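Enquirer: Here you go, sequence then predicted model.
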Amino acid sequence: MTARPMSVPDPGDAANQRTLYQWFEEAALSVPDRPALELGARVLTYAELRARALALAGRLVRKHGGVPRRVALVASRTVGAYAGYLAVQRLGASVVPLNPDHPAPRNLDVAQRAGVEAALVDPRADGLFRLLPERYRPTVLELSDDDTEGDEPFDADLPPVPDDLDAEAYLIFTSGSTGQPKGVPIRHRHVSPYLAYNIDRYELAPGCRHPQVYGLTFDVACYDLFVTWGGGATLVVPSVEELFRPVDFIVDRELTHWSSVPSVVREAQRLGHVPRGRAVTLRHTSFGAETVTRENVELWREVAPHAQIHNVYGPTEVAIGCVDHRLTGPSADWPEYAGGAVPIGRPYPHMEAVLLGEDGLPADDGELCLRGPQRFDGYLDPRENAGRFLTYEEGAGPAVVHDGTGPLTDRHWYRTGDRVRREGGVLVHRGRLDQQVKVRGHRVEIGEVEAVLRRHPHVVDAAVVPVPAEDGETELAAAYAGRPVDAEAFDAWLRDRMPLHMVPSRLRLMDGLPLNDNGKTDRNALVRILGTRETS
C-alpha cells in the first residue's frame, strides 16, 4: 500500500483536529493529480474537484451577497452534488442535505425548520423552493455538471479557509417521535475525531478505492466522503442499477473498501447477484445502520475472502459511528452469540459507554448511553433534549434524567434508546427500547408515520407496527379507523408525503384499534393482526 503523505492525528488530541474542508484540502494540496471522484466514466482529480468546489463557493457568495449560515443541498450522485458539499464546507457554512426524490412538502418543511439561507439544487428539483412564498425563499443556485464550471475565478470572493472546529458542519434530520423530523446539528469537533480514527482503522491512502453507497441524507455519507478524501483515496460512486449487483461493481471498479447496510447485499442475494470468491481486491468491509447477522457476514466472507469485516454502530447524535467489531480469518473461528447477531463490539478508544438498567444503575443488559468528543450538543429544537440525556457517575447513585431545562455539558450521557447486552467482553445489540425502528437501513420513528396517516381526511385514528417481511427484513404495517380508503389511492397519498421507506407496506381498515388494559393501543395485538398480508 502506498504510504499516505498526510499525517493522521490522534483522535483524542483536539489540537490536531480539522474541519471537514481541511480534511479534503490537505489531500487536494498533497496529491492534486490523484483521482478524487469517479462517477461512471467521469474521473476528477483532487485539483479538478477542488477547483469546481471553489468556483461554486464563489458563485454562491456572489449570488447571496455574503456567506450563508446554512445551505440546503438538494442533490444526489452527481458531480455537482459532491462539489456542492465541498463548496458549502469551504465557506464555513453548514450543509443541510435533502433528497430530490423525497416529497416536496417534507423537503420544504425540513429546510424551513433548519432556517436555510441558501440552496444548491439539482436541476430536477429546480422548482422546489418556488413553492414557498417569495419572502421565505432562500437564495437558490442551480448545480451544473458542466466540465468548464471550475474554470472561473473565485479567490477574491471567498473567506479564509475555515478552521473553526466549533462551527456546525452539517445538520441531519432524523425521523421524530413527535410526528416531526428532529434536527441533529453536528459540529466539526464532533466529526473530526471520528474521521481521524477511521482513516487509520481502515488504512485509507492514495491508491485505495472506496464507494459512496449511502445517500447524502444519511449521516454515514459523511464517512464515505471524508474518510475517503481525508486519506487521499478515490471516491467511486455506483449507479442505482450497480447497487443491485454490488459484487460486479466491486470487481469491475477494483474497489479496496466496501461500506453499506447489509440489506444491499441481502437484496442482491435474493436476485442471485452475489457470486462467491470474486471480490479479492477488498481489504475492508463495514456494515452498519441496521442489524448485522452471522449469516450476513458468513456470506460476505465467501464473497470477499481477504477482507476484514467490521460491524459499526452509532446513532446520528454521536457523529456517525462510535462502537465497532472486527471479524478476521475464517468464519469457523468466529464466536457464537445469542440470537445469531454479530456484536457491535467495543466503543472507540476516545469514547465512553455505559449500560444502565431501569433503576438507573449499571447493568449487563440495559440501555446503551454514550459520551465523549463525538457526542452532539443537543437537538436543533432544545425541547427535544428532555429525556434524551442523563447524568451518571460511578458510585454516585442512580442516573438522573435531564429534564431539558438546564444546560448540557460534556459530562452528560446521550441515551441511545437501544437495549444492549455485554457478552464475552463485547456489546451485543438486543433491539430498541422505544418505537424507533430500522427499515432498510433508515431510522424511522413510528410516531412520525402515524402522524402522517392521521392527516388523511378519512382517518380517525391510526397505529403502525414493525412486522417481518417475506425476505426477513423489517417493514411497516398500519391499521386505521375511519372511512374506507382505496388501497392504491391511499398508498399514493402517503408517497406524496413521506419517503418511500416510511410508507407502510400493509394497510388495514379496522372498526377500532385494539386497546390494552391501560386504554392504550395494544401494539402486540396489532403485530399479531397485521402479520398477514391482508390489506384495506
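Expert: Received, thanks.

Enquirer: If I follow the layout properly, E117 ends up in contact with P68?
Expert: Yes. Between E117 and P68 there is a contact under CB atoms under 8 Å: 3.8 Å. Every C-beta, even on glycine, is put in place using the N, C-alpha and C of the backbone.

Enquirer: list residues touching both of the two?
Expert: Common neighbours of E117 and P68 (criterion: CB atoms under 8 Å, 6 or more residues apart in numbering): 138-139.

Enquirer: Looking at those two, which has the bigger crowd around it?
Expert: Applying other CB atoms under 10 Å to E117 and P68 shows that P68 carries more neighbours, namely 21 against 16.

Enquirer: Quick check: the more buried one touching G115?
Expert: No. Judged on CB under 8 Å, P68 makes no contact with G115 at a distance of 10.1 Å.

Enquirer: List the buried residues in stretch 130-142.
Expert: For stretch 130-142, burial by neighbour count (16 or more other CB atoms under 10 Å) applies to 138-141.

Enquirer: Filter the residues you listed down to the ones in helices?
Expert: In helices, defined here by DSSP state H, there are no members of the buried residues of stretch 130-142.

Enquirer: From these, pick the one nearest G321.
Expert: Ranked by distance to G321 (CB to CB), these are led by P138 at 31.0 Å.

Enquirer: my read: that closest one touches V116, true?
Expert: Yes. Assessed by CB under 8 Å, P138 is found in contact with V116 at 5.0 Å.

Enquirer: Report the set of residues contacting both of these two.
Expert: Shared contacts of P138 and V116 (CB under 8 Å, 6+ apart): 68, 72.

Enquirer: For F287, grab the count of nearby residues.
Expert: Around F287 there are 25 residues (other CB under 10 Å).

Enquirer: Which strand or helix spans it?
Expert: Using DSSP states H and E, F287 maps to strand 284-288.

Enquirer: Just the buried positions in the very next helix or strand once past that strand, please.
Expert: As assigned by DSSP H and E, the chain's next helix or strand after strand 284-288 is helix 294-303. By neighbour count on 16+ other CB under 10 Å, the buried set for helix 294-303 is 294, 296-301, 303.

Enquirer: Stretch 58-75 too?
Expert: Those would be 58-61, 64, 67-75, for stretch 58-75 by 16+ other CB under 10 Å.

Enquirer: Low-confidence bits of this structure, can you list those?
Expert: Across the chain, residues meeting the criterion (pLDDT under 70) sit at 1-16, 147-156, 175-179, 339, 435, 516-520, 532-536.

Enquirer: Go through it and flag its longest helix.
Expert: helix 46-64.

Enquirer: Quick one: list the elements packing against that helix.
Expert: Counting contacts by 3 or more CB pairs under 8 Å, 6 or more residues apart in numbering; DSSP states H and E, helix 46-64 is packed against helix 20-30, strand 35-39, helix 79-90, strand 118-121, strand 139-142.

Enquirer: Repeat the analysis, applying 6 Å as the threshold.
Expert: helix 20-30, strand 35-39, helix 79-90, strand 139-142 (3 or more CB pairs under 6 Å, 6 or more residues apart in numbering; DSSP states H and E).

Enquirer: and among these, the most buried is which?
Expert: By mean neighbour count, with neighbours taken as mean count of other CB atoms under 10 Å, helix 79-90 ranks first of the helices and strands packed on helix 46-64 at a mean of 27.

Enquirer: could you check the angle strand 35-39 makes with that one?
Expert: Between helix 79-90 and strand 35-39, the angle comes out at 140 degrees (axes from the mean of the first three to the mean of the last three CA atoms, to 10 degrees).

Enquirer: I'm done for today, thanks for sticking with me.
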